[in-house]
Each structure stands twice: as structure tokens, then as C-alpha cells.
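**Q** Just need the structure, nothing else, for what follows:
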Amino acid sequence: GIFLTIRCVGRAELVEITQQVPYVKAVCVEVTDEVPPNLELPTIVAGNIENFVVGISALEHRLQEEAESESAASAAIEGDGDDDEEEGEDFSAGAGRVGEMEDRLRRAELEDAFYASPEDADEEEEDDEDDDDDGQ
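**A** I've put the predicted structure just below:
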């Protein structure tokens, strides 16, 4: 979208029209009056609106970049499914995804352990000791 902020500080007198096609271009002279004391507040408000609009535009740009990167990633994932049958293919990208999933699982387990009550932690430690004995 196109955003526009207008600051009106006085009047202008049209001196000469220099161009009419494709848009009007003219020479103007500002006609100044005594600046009213209450003009400072509208100028501050206009500046804040302009900064806010610039921030919104930057966020919109970031969202578009994220959407493009996600669509590219999903297209790459969909494309990888057909290529798995080829011989001599490098599976490092697939291994990276498996490693990423394992990292997520480990983080989830750590978060669960962190937020678990002390009684739950004692029970889990006893279960882990039982599991270690079974493996030997």
C-alpha cells in the first residue's frame, strides 16, 4: 500500500506552472503568517504518525520476506520427496532435518524437566535408573 503524511504549516502562492503532463509541476512561494503557538503539537503528532507508518511498513516487509522464505522451504521439502530415489544423492539436508527434530525433542524434554514438580523429577530418576539396569 501507499502511505502519505501531510504536514500543513501555512499557505503557498502559485508563481508559475512549469509542467502539466504527466503531472502538474509548479513553482510556489510560501506565504508565512505569524506561527500560532499551538502548531507544535500537530507537528509532533504528524511526526509520530509518520514514524508509526514507517514501522508498520518495515514489519510488513519482514512478513513478506518470512512468507517467501517459508514458501521456498516448503517447495524444497516437496521437491526432495521425488529426488530420494536417485542414486548417489547427498542426504545431508535430510540428516539436518532429523538432527533439528532431535534437538527440538531434547529441548522439549529439558523444558518438561524444568517445569516438572520435584516429586515428578524423583519418579523420573527412579525410572531412568530402572531403564539403565535393564540395558546391562
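
**Q** quick one: contacts for residue 12?
**A** Applying Cβ atoms under 8 Å, 6 or more residues apart in numbering to residue 12 gives the contacts 28-31. Every C-beta, even on glycine, is put in place using the N, C-alpha and C of the backbone.

**Q** mind giving me JSON lines with these and columns for pLDDT and distance to residue 104?
**A** Formatted as JSON lines, those follow (pLDDT from 0 to 100; distance: Cβ to Cβ, whole Å):
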{"residue": "28", "pLDDT": "78", "distance to residue 104": "62"}
{"residue": "29", "pLDDT": "78", "distance to residue 104": "66"}
{"residue": "30", "pLDDT": "75", "distance to residue 104": "62"}
{"residue": "31", "pLDDT": "75", "distance to residue 104": "66"}
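
**Q** Filter those down to the ones in strands?
**A** Members of the contacts of residue 12 lying in strands (criterion: DSSP state E): 28-31.

**Q** Tell me the secondary structure of residue 21, please.
**A** coil (DSSP: H, G, I helix; E, B strand; the rest coil).

**Q** Now do the phi/psi pair for it.
**A** phi -120, psi 140 (degrees, to the nearest 10).

**Q** pLDDT value on it, please?
**A** pLDDT recorded at residue 21 is 83.

**Q** Run a quick neighbour tally on it.
**A** Using other Cβ atoms under 10 Å, residue 21 has 6 other residues around it.

**Q** Format the contacts of residue 12 as a markdown table; extra columns: neighbour count and distance to residue 97.
**A** A markdown table is the format used below for these (neighbours: other Cβ atoms under 10 Å; distance: Cβ to Cβ, whole Å):
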| residue | neighbour count | distance to residue 97 |
| --- | --- | --- |
| 28 | 11 | 62 |
| 29 | 10 | 66 |
| 30 | 9 | 63 |
| 31 | 9 | 67 |
